[in-house]
Structures are given as C-alpha cells and as structure tokens.
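Asker: Structure, please.
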Amino acid sequence: MQASRQRLEQFIETESMSLQKTLRYYVMRAGLAAGSGIGQAADEILSEIVVEAFATAERLKPDIHPKPWLLGIAANLVKRRQAELAKRERREPLMRDLYAQTEDSLSDEELFDQLPIVTEGSLEELELNEEINRMLAGLSKQDADLLRLALLHDMDGAAVGHALGISPGAARVRLHRALNRLRTQARSASHE
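Answerer: The predicted model follows:
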C-alpha cells in the first residue's frame, strides 16, 4: 500500500498540469462550467481526485498506470456533478410553474406579448423607449433592469445568470418574480 501511495504521489506531482488540462476538457464537455469557471471547477475536481485516490490507494495495482486510474476517478466525479446539476435544475421550477395560473392572471407569454416589440437600435435608444419605461416604471430598479436584460437583450435564464454572476436557476427565479410583480402591476392598472 505504501508503494502505491508513493507512486501515486510522484505521478500527481509530475503530471498535475497534464491532468489539469484533461480535467478542463472534461468540465467543459460536461457543461459543468463556462469561461473562467472552467479552471476553478477543474481545480476542485483535481482536489477531489487526489483525496479519493489517496483514500483508495490500495486499489492501484503495480501493473496499472496511475493516469487512466485517476481519470477513471475523474470521470466518476464529473458524472456525479452532472447528476447533481441535473437534479438541481429539475427542482428549479419553470416560471409558469411557480405560481398557479388564475383566470385573471396573464401567462408569461401573454405578458411578454403586451410589451412593445423592440426594433434594432442603439442601447440608449432602446432604454429610452417610452412604452417600455412606462410598463416598467412601477417596478423596483432591480426588477426593471432584470426585465430589460431579458426583453431588450433577448436573454434567457442562463444568459441573465451569467450577466449577473448568479446561477441560471437563480436568474430564472428572479426573472419569474419580476414578471409576477409586472403582472400584478398590469392587473392593478387594468382594474383602475
């Protein structure tokens, strides 16, 4: 066991950069991170690999090369992370599912249909669009900015999350809440 552990230590010290490159590819391919987050996710997985490898070093037989053994551990860790991510995304409800629709409430699509269609132009022109500003006037600055990202820049939950530095699920929830506040405001205005 001691010999396997020493062999493992030596391999990790000399080949950590090669492992890191491979892990970056695994992370990117699995969709676990994007952009600068790829390196961080690969570092986290490398740390987990080392911990798991040393905990099970007795399984590394003398005739087995350490690299494929470590990459096997990496593949299992990536699969676990993918499963956790998929499970978390399944638990994050879609906007239309967060609140039961009532007869007088508008669906997200109907609410978006009431908003004016934005044509091409500079960002300043888009933000000065009076009709959009009027529709968003009763909302908080945070809600209005969030809806502008979604509407004017045609961003989905993942893009909004990336722009705000939050997870796509959190962005979808915030967007849904902002839409509900807009829906409530539109309902109040139509009843007046």
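
Asker: Domain parsing of the protein, as residue ranges.
Answerer: Domain assignment of the chain by automatic domain parsing yields the ranges 2-91, 95-191.

Asker: Looking at the last one now, give me its mean pLDDT.
Answerer: So that's domain 95-191. Averaging pLDDT along domain 95-191 gives 67.

Asker: go on, stretch 18-34?
Answerer: 87.

Asker: Any buried residues in it, and which?
Answerer: 19, 22-24, 26-28, 30, 32-33 (16 or more other Cβ atoms under 10 Å). In this view, the C-beta of every residue, glycine as well, is placed from N, C-alpha and C.

Asker: the helices in this structure, which residues?
Answerer: 2-30, 37-55, 66-91, 95-98, 108-114, 123-127, 130-136, 141-152, 157-164, 168-191 (DSSP state H).

Asker: Run the angle between the first one and helix 66-91 for me.
Answerer: With axes from the mean of the first three to the mean of the last three Cα atoms, to 10 degrees as the basis, helix 2-30 and helix 66-91 are set at 40 degrees to each other.

Asker: Tell me the gap between helix 2-30 and the middle of its chain.
Answerer: 26 Å (Cα atoms, centre = their mean, to the nearest Å).

Asker: What is that helix packed up against?
Answerer: helix 37-55, helix 66-91 (3 or more Cβ pairs under 8 Å, 6 or more residues apart in numbering; DSSP states H and E).

Asker: what's the closest of the ones you listed to Ala170?
Answerer: helix 66-91 (10.7 Å; Cβ to Cβ).

Asker: how many neighbours does Phe54 have?
Answerer: Here the number of neighbours of Phe54 (other Cβ atoms under 10 Å) works out to 13.

Asker: picking up where we left off before, most tightly packed of the helices and strands packed on helix 2-30?
Answerer: Highest mean neighbour count of the helices and strands packed on helix 2-30: helix 37-55, a mean of 16 (counted as mean count of other Cβ atoms under 10 Å).

Asker: Remind me what it packs against, helices and strands.
Answerer: For helix 37-55, where contacts count as 3+ Cβ pairs under 8 Å, 6+ apart, the packed elements are helix 2-30, helix 66-91.

Asker: for the record, mean pLDDT for it?
Answerer: 90.

Asker: Format the CA atom coordinates belonging to that helix as PDB.
Answerer: Extracted in PDB, the C-alpha atoms of helix 37-55 (Å, rounded to 0.1, in the frame of the first residue of the first chain):
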ATOM      1  CA  GLY A  37     -15.200  29.000 -14.200                       C
ATOM      2  CA  ILE A  38     -13.800  26.000 -16.100                       C
ATOM      3  CA  GLY A  39     -10.400  26.300 -14.500                       C
ATOM      4  CA  GLN A  40     -11.900  26.700 -11.000                       C
ATOM      5  CA  ALA A  41     -14.200  23.600 -11.500                       C
ATOM      6  CA  ALA A  42     -11.200  21.600 -12.800                       C
ATOM      7  CA  ASP A  43      -9.100  22.600  -9.800                       C
ATOM      8  CA  GLU A  44     -12.000  21.500  -7.400                       C
ATOM      9  CA  ILE A  45     -12.300  18.200  -9.200                       C
ATOM     10  CA  LEU A  46      -8.500  17.700  -9.200                       C
ATOM     11  CA  SER A  47      -8.600  18.200  -5.400                       C
ATOM     12  CA  GLU A  48     -11.400  15.700  -5.000                       C
ATOM     13  CA  ILE A  49      -9.500  13.200  -7.200                       C
ATOM     14  CA  VAL A  50      -6.400  13.400  -5.000                       C
ATOM     15  CA  VAL A  51      -8.400  12.900  -1.800                       C
ATOM     16  CA  GLU A  52     -10.300  10.000  -3.300                       C
ATOM     17  CA  ALA A  53      -7.200   8.500  -4.900                       C
ATOM     18  CA  PHE A  54      -5.200   8.600  -1.600                       C
ATOM     19  CA  ALA A  55      -8.200   7.100   0.300                       C
END
